[in-house]
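Asker: fold the stuff below for me.
(chains A and B)
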2 protein chains.
Amino acid sequence: MKLDDIKKLQQKKYRAEFGHFLVEGEHLVLELQKAALHNPLLQRSQLYVTGAYEHWQSPFRTQLISERQMAQIADTKTPQGIIAVVPMPESTALASTANERAIYLHEIQDPGNLGTILRTLAWFGNFRCLLSPGSVDPYNPKVVRSSMGAIFHAPLELDVELDSLPGRFQRIACLDMHGDSLQSADFKTFDCYLFGNEARGVPREQLSALGAKPFTIAGSGAIESLNLATTVNICAYELNR
Amino acid sequence: MKLDDIKKLQQKKYRAEFGHFLVEGEHLVLELQKAALHNPLLQRSQLYVTGAYEHWQSPFRTQLISERQMAQIADTKTPQGIIAVVPMPESTALASTANERAIYLHEIQDPGNLGTILRTLAWFGNFRCLLSPGSVDPYNPKVVRSSMGAIFHAPLELDVELDSLPGRFQRIACLDMHGDSLQSADFKTFDCYLFGNEARGVPREQLSALGAKPFTIAGSGAIESLNLATTVNICAYELNR
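Answerer: Modelled structure (predicted):
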């Protein structure tokens, strides 16, 4: 790929156009290489390195570039000198595995939140992550970075409409300000768990149309809300408890 | 306070010198005003607003400034036009309340992690947060922002040395890569829970000197580690379960 085009992969519309995303830095590239061992798509990644990484061991096609060129294509202010251009998996409704649960995120906005959630879902395993239209792009460099490589593991579906859920899932739960405790006997019996946007929560009219059962993480009342990623992560923990 | 001095409060050394920190934006100032109702120290906050907030209701001494002046003192690129200068509480070993547990963070670096942790601890209540020397400053504007106001609630102690813990706490637990499950019968029986730095974890020699009992959050093995804030937040949840 031409360097001018690689630079454009910082932007969502070009990631969609070229079907590739960027993975920056030594740690993430190592995680990518590990994941590529079991994933033929990821094996088609291309690596761009500066002199400092000339002897880097990689199964990917590798090109040496100057530090000036690296500064042009990298997202970070002080690039590490190693960056991969990675083919994006197609977002299709994946075949689900037994015991797998879906986490549906409605219009999640914060890249750090999504990255942390993907990391937690990959940590526990047996989750797939569904993103509504209007959510932050999971191939955004900030999401990729905070996922710490989990982006290569968690099954992910994009642009999943809220009203498509009842057709796919029998029992839907949602996390809300008011609802039953996560320790209720039935909390683990759902196949899809729905979480609303950071500021607005889940749209109320649509929730009742879905027949989603509300659950809540009880607090002391001192502050207004938990962070969205914290809420998802605690639910993922409880489901694996 | 002079505007030139307020601007300096973006930096840790001046926060220490002047004994004040900054709280920026409508949402956080509202949280500050709520917390000040029960906290005489916070009532001595001063507010600086642009014309857009001229009629803002506040118990604090308020000064109208120009948008240009606001841009000078604010941390964010597009300041909201409302900022408070807030006296920092003294960091002393606070009297502990019954049933309270201590969360000790060793050299935590990421402001977003600390902010989210403070938010979760305030959500559940009955926690105090102890920070080691070399941790990120909790009065850093990024921590304040991601705490979503929890900084005004969670009891906080700064510069607490690791080796001071055995003198204060009878039973110390730590979170580590290997250890007992959080669901072990004794996980809830400790009075201090210790968490290591994002990249390096807890220093091994010191751990054994403390006699801290290790616990771990079991995962699938697909990825290397959980995010530090996620680990703390899950433990806080389990302790309140």
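Asker: use CA for all of it now, contacts and neighbours both
Answerer: OK.
Asker: for the longest strand seen in chain A, buried residues please.
Answerer: Longest strand of chain A, by residue count under DSSP state E: strand A:172-181. Buried positions in strand A:172-181, judged by neighbour count with 16 or more other CA atoms under 10 Å in any protein chain shown: A:Ile172, A:Ala173, A:Cys174, A:Leu175, A:Asp176, A:Asp180.
Asker: next, count neighbours for the closest residue to A:Ala52 other than its chain neighbours.
Answerer: In space, and not counting its chain neighbours, A:Ala52 is closest to A:Gly81: 6.9 Å by CA to CA, 6 or more residues apart in numbering or on different chains. For A:Gly81, the neighbour count with other CA atoms under 10 Å in any protein chain shown is 23.
Asker: check A:Gly81 and give its pLDDT.
Answerer: A:Gly81 carries a pLDDT score of 94 in this model.
Asker: my guess is it meets A:Gly25, correct?
Answerer: Yes. The pair A:Gly81 / A:Gly25 is scored as a contact, 7.1 Å apart, by CA atoms under 8 Å.
Asker: what's next to the helix or strand bottoming out on mean pLDDT in chain A, contact-wise?
Answerer: Within chain A, no helix or strand scores below helix A:204-210, which has a mean of 86 by mean pLDDT, DSSP states H and E. Applying CA atoms under 8 Å, 6 or more residues apart in numbering or on different chains, the external contacts of helix A:204-210 come out as A:Asp163, A:Leu165, A:Pro166, A:Ile172.
Asker: would you show me how to pick out the buried ones of those residues in PyMOL?
Answerer: Command for PyMOL, covering only those of the contacts of helix A:204-210 found buried under the criterion 16+ other CA under 10 Å:
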select buried, chain A and resi 165+172
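Asker: redo the contacts of helix A:204-210 as a markdown table? Include secondary structure, pLDDT and distance to chain B.
Answerer: Below are the contacts of helix A:204-210 laid out as a markdown table (DSSP: H, G, I helix; E, B strand; the rest coil; pLDDT from 0 to 100; distance: CA to the nearest CA, whole Å):
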| residue | secondary structure | pLDDT | distance to chain B |
| --- | --- | --- | --- |
| A:Asp163 | helix | 92 | 30 |
| A:Leu165 | helix | 94 | 27 |
| A:Pro166 | helix | 93 | 29 |
| A:Ile172 | strand | 96 | 23 |
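Asker: and the contacts of helix A:204-210 as TSV, adding distance to A:Ala199?
Answerer: Shown next, in TSV, are these (distance: CA to CA, whole Å):
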residue	distance to A:Ala199
A:Asp163	21
A:Leu165	22
A:Pro166	25
A:Ile172	22
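Asker: OK, contacts around A:Thr230?
Answerer: A:Thr230 sits next to B:Thr116, B:Thr120, B:Thr230, B:Asn233 when contact means CA under 8 Å, 6+ apart.
Asker: most surrounded residue in the residues you listed?
Answerer: Neighbour counts for those (other CA under 10 Å) peak at B:Thr120, which has 29 neighbours.
Asker: helix or strand: which one has it?
Answerer: Per DSSP states H and E: B:Thr120 is located in helix B:111-124.
Asker: does any part of that helix sit near chain A?
Answerer: Yes. Interface with chain A: helix B:111-124 contributes B:Thr116, B:Arg119, B:Thr120, B:Ala122, B:Trp123, B:Phe124 (CA under 8 Å from any CA of the partner chain).
Asker: make CSV out of the residues you listed and add pLDDT and distance to A:Gln109.
Answerer: Shown next, in CSV, are the residues of helix B:111-124 next to chain A (pLDDT from 0 to 100; distance: CA to CA, whole Å):
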residue, pLDDT, distance to A:Gln109
B:Thr116, 97, 16
B:Arg119, 96, 19
B:Thr120, 97, 20
B:Ala122, 94, 23
B:Trp123, 96, 22
B:Phe124, 96, 25
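Asker: on that earlier part again, buried ones in the least confident helix or strand of chain A, by neighbour count?
Answerer: Going by 16+ other CA under 10 Å, helix A:204-210 has these buried residues: A:Leu207, A:Leu210.
Asker: send me it as CSV with only the CA atoms.
Answerer: Coordinates of each C-alpha in helix A:204-210 appear next as CSV, following Å, rounded to 0.1, in the frame of the first residue of the first chain:
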residue,chain,number,x,y,z
ARG,A,204,-36.6,3.6,26.8
GLU,A,205,-39.3,3.1,24.1
GLN,A,206,-37.1,0.6,22.3
LEU,A,207,-36.3,-1.2,25.5
SER,A,208,-39.9,-2.1,26.2
ALA,A,209,-40.5,-3.1,22.6
LEU,A,210,-37.6,-5.6,23.0
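Asker: tell me who's in contact with A:Ile73.
Answerer: A:Leu3, A:Asp4, A:Ile6, A:Lys7, A:Lys8.
Asker: measure it to B:Leu156 for me?
Answerer: Using CA to CA, to the nearest Å, we find A:Ile73 at a distance of 42 Å from B:Leu156.
Asker: same deal with A:Gly125?
Answerer: Separation of A:Gly125 from B:Leu156 (CA to CA): 35 Å.
Asker: count of neighbours near A:Ile217?
Answerer: With other CA under 10 Å as criterion, A:Ile217 counts 22.
Asker: report pLDDT for it.
Answerer: 97.
Asker: which ones are touching it?
Answerer: Counting by CA under 8 Å, 6+ apart, A:Ile217 has contacts A:Ser181, A:Leu182, A:Thr231.
Asker: closest one to A:Asp110 out of the contacts of A:Thr230, please.
Answerer: The nearest member of the contacts of A:Thr230 to A:Asp110, counting by CA to CA, is B:Thr116 at 13.3 Å.
Asker: from what I see, the closest one and A:Leu228 are in contact.
Answerer: No. Under the criterion of CA under 8 Å, B:Thr116 is not in contact with A:Leu228, lying 10.0 Å apart.
Asker: list the contacts of A:Leu130.
Answerer: If you count contacts by CA under 8 Å, 6+ apart, then A:Leu130 has A:Ala102, A:Ile103, A:Tyr104, A:Leu105, A:Leu156, A:Glu157, A:Leu158, A:Asp159, A:Val160 around it.
Asker: next, count neighbours for the first one.
Answerer: The reference is to A:Ala102. 20.
Asker: try the last one
Answerer: Here the count is done by other CA under 10 Å, and A:Val160 has 19 residues near it.
Asker: same deal with A:Lys188?
Answerer: 17.
Asker: returning to that earlier point: let me have the contacts of A:Leu130 in JSON lines, extended by secondary structure and pLDDT.
Answerer: Shown next, in JSON lines, are the contacts of A:Leu130 (DSSP: H, G, I helix; E, B strand; the rest coil; pLDDT from 0 to 100):
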{"residue": "A:Ala102", "secondary structure": "strand", "pLDDT": "96"}
{"residue": "A:Ile103", "secondary structure": "strand", "pLDDT": "97"}
{"residue": "A:Tyr104", "secondary structure": "strand", "pLDDT": "97"}
{"residue": "A:Leu105", "secondary structure": "strand", "pLDDT": "98"}
{"residue": "A:Leu156", "secondary structure": "strand", "pLDDT": "92"}
{"residue": "A:Glu157", "secondary structure": "strand", "pLDDT": "93"}
{"residue": "A:Leu158", "secondary structure": "coil", "pLDDT": "93"}
{"residue": "A:Asp159", "secondary structure": "coil", "pLDDT": "94"}
{"residue": "A:Val160", "secondary structure": "coil", "pLDDT": "95"}
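Asker: noted, bye for now.
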